[in-house]
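J.: give me a model of this one.
(chains A, B, C and D)
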Protein chains: 2
Amino acid sequence: MKRDQTTEEKIKAAAKKVFMTKGFDGCSVRDIAKEVGSNVALLNYYFRSKEKLFELIFEGAMSDFLQSMIAVFSSDLTLKEKVEQLIDKEFTFFLEHPELPMFILQSLHQNKTDAPMPSHFLEPIANTGIFEQFEKAKAQGEVRDISIRNVTLLLMSNVHYPFMSKKLTMQFHGISAEDFDEDLRKHKEIVKELIINYLFISNPKA
Amino acid sequence: MKRDQTTEEKIKAAAKKVFMTKGFDGCSVRDIAKEVGSNVALLNYYFRSKEKLFELIFEGAMSDFLQSMIAVFSSDLTLKEKVEQLIDKEFTFFLEHPELPMFILQSLHQNKTDAPMPSHFLEPIANTGIFEQFEKAKAQGEVRDISIRNVTLLLMSNVHYPFMSKKLTMQFHGISAEDFDEDLRKHKEIVKELIINYLFISNPKA
DNA sequence: GGAAAAATTAAACAAATGTTTAAATTTTGG
DNA sequence: CCAAAATTTAAACATTTGTTTAATTTTTCC
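T.: Numbering: from 1, shown residues only, chains lettered A, B, ... in the order given. This next block holds a predicted model:
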């Protein structure tokens, strides 16, 4: 039995839905008000402005966007296990929230959020000690000689892009949304093997 | 000595620049007119409407977006060479036109172009015979057992995403645009090895 | 050189935008 | 129960939006 949403929560939910699908520029405050089922003035009563409301939604989205990373990295696993789990968790999460990667990258691309990424997003990741763990594994020859930045790019590419490419891929192959989702599920395993095979050296020096 | 641009060309160039950076919703026709250095009415004189002008720009962008694919696929190379060349050409091209992947995916995502991808984009690719070449290589055990759709997703992920993630990556690692570009150049070689290693079976049955 | 055509401009248009105002309604707390 | 506070509404606001009109300038071509 879920408690009734407050008006403030209803507005946030509606704003999230509308901003996510249409983007900041692609919607009006009246679109959001209509989704809430009420007046435009109410949005500004609670959130002062369209921009302030957007920033709130964006922050929440960014937080979701990075959450699996923090959870997995701070766990007590080997590097290889962490990478495997990260890919798994990210795919599972984005299968539930497929619009998130596009929303984040597009918002950043168009500078819809002026401030640089707040440190409270990045520090928790650094604090997991994942970077040190990676450098150590590299020094021990367990992992290929590659910079952490390139690893990040590899992981993000293979984990975010598939969800951003839905329309392009569907048109490109002439397939349905269901077919595409099936491809995504298969892709999870492919990406895991791809990345693990590449990063980790299979026959460490005896 | 380049001939003077016609007004029509100047408008198209300005529209391309503005649409690419700000998106269809993120700019006004007056933004474009200002970039041209002239009147708003002129845009409609030549192109009837903002939407028509956008569709023109989008078509051109999509054409550029797919061009390397067609060029490489219709060449006379082995599959492995084609994949290698494709990655190389795409990285080189997008290093010159880094906004293209984001523009295409974002426009499709927000349905800024209603029509499904015209067949004159897709047929040339199918007509290169690349799909048959792939299936044959798979049947001969030269290539891993993976669907063409998942291969496409792999290639696009690793070739498009890096250019889309500039802002996110710069903020994430706290690096400059120059550092990021350097990462991109290094990433080209990484992606080549990553994909080739994964797709092609190194020790075909003797 | 001058009329017809094409290109360019300034101005106006209605509609949509984000925001604010002030009034009406509902909730709160004594 | 009732006044004060909080919430919600309808209406108005000034700007900006895409587009059109009509006038002006430039080019074309006989």
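
J.: residue boundaries of the helices in chain A?
T.: Along chain A, the stretches classed as helices by DSSP state H are A:7-22, A:29-36, A:40-47, A:50-73, A:79-96, A:100-109, A:119-126, A:130-139, A:148-164, A:166-173, A:177-199.

J.: whether the fourth one contacts DNA strand C - can you check?
T.: Yes: counting by Cβ under 7 Å from any atom of the strand, DNA strand C is contacted by helix A:50-73 at A:50-51. Using the backbone N, CA and C atoms, a C-beta is placed for each residue, glycine as well.

J.: low-confidence bits of chain A, can you list those?
T.: Scanning chain A for pLDDT under 70 picks out A:1-3, A:114, A:203-206.

J.: burial count for A:Gly23?
T.: Here the number of neighbours of A:Gly23 (other Cβ atoms under 10 Å in any protein chain shown) works out to 22.

J.: show me what contacts it?
T.: Applying Cβ atoms under 8 Å, 6 or more residues apart in numbering or on different chains to A:Gly23 gives the contacts A:103, A:106-107, A:110, B:23, B:25, B:110.

J.: now the buried members of those residues.
T.: Neighbour counting over the contacts of A:Gly23 (16 or more other Cβ atoms under 10 Å in any protein chain shown) leaves A:103, A:106-107, A:110, B:23, B:25, B:110 as the buried ones.

J.: wait, isn't A:Val143 in contact with A:Glu135?
T.: No: using Cβ atoms under 8 Å, A:Val143 is not in contact with A:Glu135; the gap is 9.1 Å.

J.: between the two, who's got more neighbours?
T.: Taking other Cβ under 10 Å, A:Val143 and A:Glu135 do not tie; A:Val143 has more neighbours (20 against 12).

J.: and stretch A:100-108, how far out from the chain's middle?
T.: Chain-centre distance of stretch A:100-108: 8 Å, with Cα atoms, centre = their mean, to the nearest Å.

J.: got it, and stretch A:20-32?
T.: With Cα atoms, centre = their mean, you get 20 Å for stretch A:20-32.

J.: just the buried residues of that stretch, please?
T.: Buried positions in stretch A:20-32, judged by neighbour count with 16+ other Cβ under 10 Å: A:20-27, A:29, A:31-32.

J.: what's near enough to touch the residue nearest to A:Leu100 when sequence neighbours are not counted?
T.: Excluding its sequence neighbours, the residue lying closest to A:Leu100 (Cβ to Cβ, 6 or more residues apart in numbering or on different chains) is A:Phe65, at 5.7 Å. Counting by Cβ under 8 Å, 6+ apart, A:Phe65 touches A:100-101, A:104.

J.: next, format the residues you listed as CSV and append neighbour count and distance to A:Ser38.
T.: Listed next are the contacts of A:Phe65 as CSV, based on neighbours: other Cβ atoms under 10 Å in any protein chain shown; distance: Cβ to Cβ, whole Å:
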residue, neighbour count, distance to A:Ser38
A:Leu100, 19, 26
A:Pro101, 25, 31
A:Ile104, 23, 28
